[in-house]
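Engineer: this one's structure only:
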């Protein structure tokens, strides 16, 4: 059983936001980040690495690259699997704001992270968000007990307010991706269009509800262990720029 981590988190939460923003920028590669994730791997123990950032920052792409490189030593768990179902969002009157912090089962996600840290179950099954359906599929991602690293990615990992507050204390490290606004908006618009939205609808969504969510996410940046400026995370060995608190 792994205790909830404390040391690195206390340093991250105590970081001066101005100092974090002004930190020296270094250029690194995805290979460097894979090596950093691999350093967290200890057979017989469980570590959880968080990857966060605003919509379109490249969280899932980087997470997939790391898990692919580490093979059976890591599993990717997405916060998006905890989206409330469309029918429930309709009932709550929140469908138009899908993706906002209150359109997720945050308590369920916290409970999952606690189960993953405890490693009491042979296999923990978690959900996967299917963007083509705009719905989560339950029990789609198995996490065997002997997998030493869980990589979890999502928008709200560093939000300090309840019900999200406990998440940070369940992560051994958390990286914040910051690719630059032009890159991020281009990715978002392309993503929305790939799922059937018109160019106008994609632009409005990216600069509307997505951007309102991005402002909240940006405010959590000082709580990260590392801030990465991503240039081309779509490829397996792109340059990244890193700000270290």
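Structural biologist: Yes, it's here. From a predicted model like this one, the values you see are computed outputs, not experimental measurements.

Engineer: need phi/psi at residue 174.
Structural biologist: Dihedral pair for residue 174: phi -140, psi 130, per degrees, to the nearest 10.

Engineer: check contacts around it.
Structural biologist: With contact taken as CB atoms under 8 Å, 6 or more residues apart in numbering, residue 174 is in contact with 12, 49, 50, 51, 52, 157, 158, 168, 223, 224, 225. In this view, the C-beta of every residue, glycine as well, is placed from N, C-alpha and C.

Engineer: quick check, the last one in contact with residue 168.
Structural biologist: In other words, residue 225. No. Counting by CB atoms under 8 Å, residue 225 stays clear of residue 168, with 10.2 Å between them.

Engineer: of these two, who's got more company?
Structural biologist: Using other CB atoms under 10 Å, the more surrounded residue of residue 225 and residue 168 is residue 168, with 22 against 19.

Engineer: rewinding a little: just the closest of the contacts of residue 174 to residue 94, please.
Structural biologist: For the contacts of residue 174, the residue nearest residue 94 by CB to CB is residue 157; the value is 20.6 Å.

Engineer: what sits against the closest one?
Structural biologist: Residue 157 neighbours (CB under 8 Å, 6+ apart): 50, 51, 52, 79, 164, 167, 168, 171, 174, 220.

Engineer: which strand or helix spans it?
Structural biologist: For residue 157, there is no host helix or strand (DSSP states H and E).

Engineer: contact partners for residue 145?
Structural biologist: Neighbour list for residue 145: 119, 121, 122, 123, 124 [criterion: CB under 8 Å, 6+ apart].

Engineer: that older thread, out of the contacts of residue 157, which is most surrounded?
Structural biologist: residue 51 (31 neighbours).

Engineer: leaving out chain neighbours, which residue sits closest to that residue?
Structural biologist: Distance criterion CB to CB, 6 or more residues apart in numbering; nearest residue to residue 51, sequence neighbours excluded, is residue 153 at 4.1 Å.

Engineer: any chance of the contacts of residue 174 in CSV, plus distance to residue 146?
Structural biologist: Formatted as CSV, these follow (distance: CB to CB, whole Å):
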residue, distance to residue 146
12, 29
49, 17
50, 21
51, 22
52, 26
157, 25
158, 29
168, 26
223, 30
224, 29
225, 26
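
Engineer: lowest-pLDDT helix or strand in this structure?
Structural biologist: Taking mean pLDDT, DSSP states H and E as the measure, helix 7-13 is the helix or strand of the chain with the lowest mean score, a mean of 37.

Engineer: can you spell out which residues form a bridge with the residue nearest the centre of the chain?
Structural biologist: In the chain, the C-alpha nearest the mean C-alpha coordinate belongs to residue 153, at 2.1 Å (CA atoms, centre = their mean). Residue 153 has these beta-bridge partners by DSSP bridges: residue 51, residue 78.

Engineer: and of the contacts of residue 157, the nearest to residue 85?
Structural biologist: Using CB to CB, the contacts of residue 157 come closest to residue 85 at residue 79, 15.4 Å.

Engineer: okay, residue 108 and residue 141: tell me how far apart.
Structural biologist: Remark: distance between residue 108 and residue 141 (CB to CB, to the nearest Å) = 14 Å.

Engineer: residue 190 now?
Structural biologist: Distance of residue 190 to residue 141, given as CB to CB: 25 Å.

Engineer: kind regards, and thank you for your time.
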